[in-house]
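1. predicted model and sequence follow; I will ask about them next.
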Amino acid sequence: MNRHTFIVVLVSLLALTGRTQQPVPVADPKPFLDDLAKKMASVSTVYLEFTQERVLKLFNEPLTAEGVMLIARPGLIRWENTSPYESILLGNEKSVAQFERNGGKWEKLKIGFPQMLQRVMKQMTLLNQGRLDAMTADYTVSVATGEVAVVNLVPKDANIREMLASLEITLKPDFSATMQVQMNEPNGDYTRIRFRNEKRDAKFPDATFDQTKPMPVATVKETVNRAP
Amino acid sequence: MRPSLLLGMLLLVGCSTTKGPLIDLPADGFVNHRAVLNAPGRQFTFNGYLSLNAAGAKRLVIAENFGGVLADVLVKPDGKVFVMKSSAAFPADRIRNYVAADLESVFGTKGGRMTSPEKNHVVLKRFGYSLDIRVLDIKAGPRDAKLFDEAGAEQP
């Protein structure tokens, strides 16, 4: 074998072995969902940094935003956009709050439809706590496994399907991290949220979820990243 | 100064109309912005994506916090308004009567009761509501021609 042939064979082998295998649908998603719920039941908090990509067919480039998401049991959630604008959404089992950075100051907003936002925040909390069984009333759930695990949720309500065709959650196969969530719209547009730097059972500073004066995100990040 | 004269001056200042955009815009380009709609007792936040062309057409896409598109409107250079997508939050008549008018005030030459507290930040005051708009990014350069084509618009 000459040098050239050897390189071609090597590259071909690498390409073959490195090819991503499509996850294979499982016939019965229940055991998978039970396993996920069981593993996540022992997780008290989740910290995630994210990049949100909005892909519209109208535009040639995705619209991106950066932020962090924090979840703590029993039902606390903080969704914060840090760039290109600053906004905080906070939810607990009873209420939601929104803060917007304007002119260098945080302003607490009088949310227009708090019930709708509360529902979205609750679903996000359930998703990230692995409690997908609680969502089967509203969604048809299917699962595919392989190099990654993909949970696909299709809204049962036809009116909701006009806005949201499906919701895809990609996890590491051992459920050790949520990799991304993709919201697909009927016309092919989608929003993809890629997560990174996931930390489970991190201790959050007091007032992280305070709906009157939330702890600044810089302090939260520092505390979480400082922990061993 | 007599109270009535002072009141009159205050009313005049309060009703002052600004002509033309308070934001430096390219003829062709893209404007990414964040908006807070202030209605009595309620506030709503949106993300706005505005495409402009040199002929004077404007295409605005309004999305909610998690990315879902709530409204999509095209305003042609002659002022004709085409609703490309409406939603329960933004029905077609609201887009035609309010969104398009606000778009022409803030980013066009229609003017209105506007102030600019800082660079790239405009507050538009209307009867019954106000709109607080902060520009996040402006990209100059031609946009895809399909953006300014009314084909596919919702029927009135």
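-> Cool, the structure landed.

2. any idea how many residues pack against the residue of chain A found nearest chain B?
-> Residue of chain A nearest chain B, by CB to the nearest CB: residue A:191 (3.5 Å). Glycine gets a C-beta too; all of them are placed from N, C-alpha and C. Counted with other CB atoms under 10 Å in any protein chain shown, the neighbours of residue A:191 add up to 23.

3. same question for residue B:105.
-> Residues near residue B:105, counting by other CB under 10 Å: 24.

4. residue contacts, it?
-> Each residue near residue B:105 by CB atoms under 8 Å, 6 or more residues apart in numbering or on different chains is listed here: B:111-112, B:114, B:124.

5. which of those residues sits closest to residue A:196?
-> Set against residue A:196, the nearest of these by CB to CB is residue B:124 (37.9 Å).

6. which non-adjacent residue is nearest residue 54?
-> Chain wasn't specified; assuming chain A. Leaving out its chain neighbours, the residue that sits closest to residue A:54 by CB to CB, 6 or more residues apart in numbering or on different chains is residue A:63, at 4.2 Å.

7. sorry, should have said chain B
-> Using CB to CB, 6+ apart and skipping the chain neighbours, the partner closest in space to residue B:54 is residue B:27 (4.1 Å).

8. I figured the one you found hits residue B:51, correct?
-> No: counting by CB atoms under 8 Å, residue B:51 is not a contact partner of residue B:27; they are 11.9 Å apart.

9. which of these two has more neighbours?
-> Set residue B:27 next to residue B:51 and count neighbours by other CB under 10 Å: residue B:51 wins out with 22 against 11.

10. report pLDDT for the more buried one.
-> Predicted confidence (pLDDT) for residue B:51: 97.

11. which SSE is it in?
-> Residue B:51 is part of strand B:42-52, with elements assigned from DSSP states H and E.

12. give me the residue from chain B nearest chain A.
-> Nearest to chain A in chain B, going by CB to the nearest CB, is residue B:67, at a distance of 3.5 Å.

13. roughly how far apart are the residue nearest to that residue when sequence neighbours are not counted and residue A:63?
-> Closest residue to residue B:67 apart from its sequence neighbours, by CB to CB, 6+ apart: residue A:191 at 3.5 Å. Shown here: residue A:191 relative to residue A:63, a distance of 9 Å by CB to CB, to the nearest Å.

14. need the residues touching each of the two.
-> Counting by CB under 8 Å, 6+ apart, the contacts common to residue A:191 and residue A:63 are A:53-54.

15. the strand holding residue B:51 near chain A at all?
-> Yes: for strand B:42-52 and chain A, the contact criterion (CB under 8 Å from any CB of the partner chain) is met by B:42-45, B:47, B:49.

16. drop anything exposed from the residues you listed.
-> Neighbour counting with 16 or more other CB atoms under 10 Å in any protein chain shown marks B:43-45, B:47, B:49 as buried within those.

17. which one of those residues is nearest to residue A:32?
-> Nearest to residue A:32 among those, with distances taken as CB to CB, is residue B:47, at 34.9 Å.

18. how about the closest residue in space to the closest one that isn't next to it in sequence, phi and psi?
-> Once flanking residues are discounted, residue B:47 sits nearest to residue B:63: 4.7 Å by CB to CB, 6+ apart. Here is the backbone geometry of residue B:63 (degrees, to the nearest 10): phi -120, psi 150.

19. repeat that for residue A:145.
-> Phi and psi for residue A:145, reported as degrees, to the nearest 10, are phi -130, psi 160.

20. quick one, the helix or strand containing residue B:74 and strand B:42-52 angle?
-> When elements are assigned from DSSP H and E, residue B:74 belongs to strand B:69-75. Strand B:69-75 runs at 40 degrees relative to strand B:42-52, counting by axes from the mean of the first three to the mean of the last three CA atoms, to 10 degrees.

21. other residues contacting strand B:69-75?
-> A:56, A:58, A:185, A:189, B:46, B:57-64, B:81-87, B:89-90, B:95-96, B:99-100, B:103-104, B:108, B:147-148, B:150, B:153.
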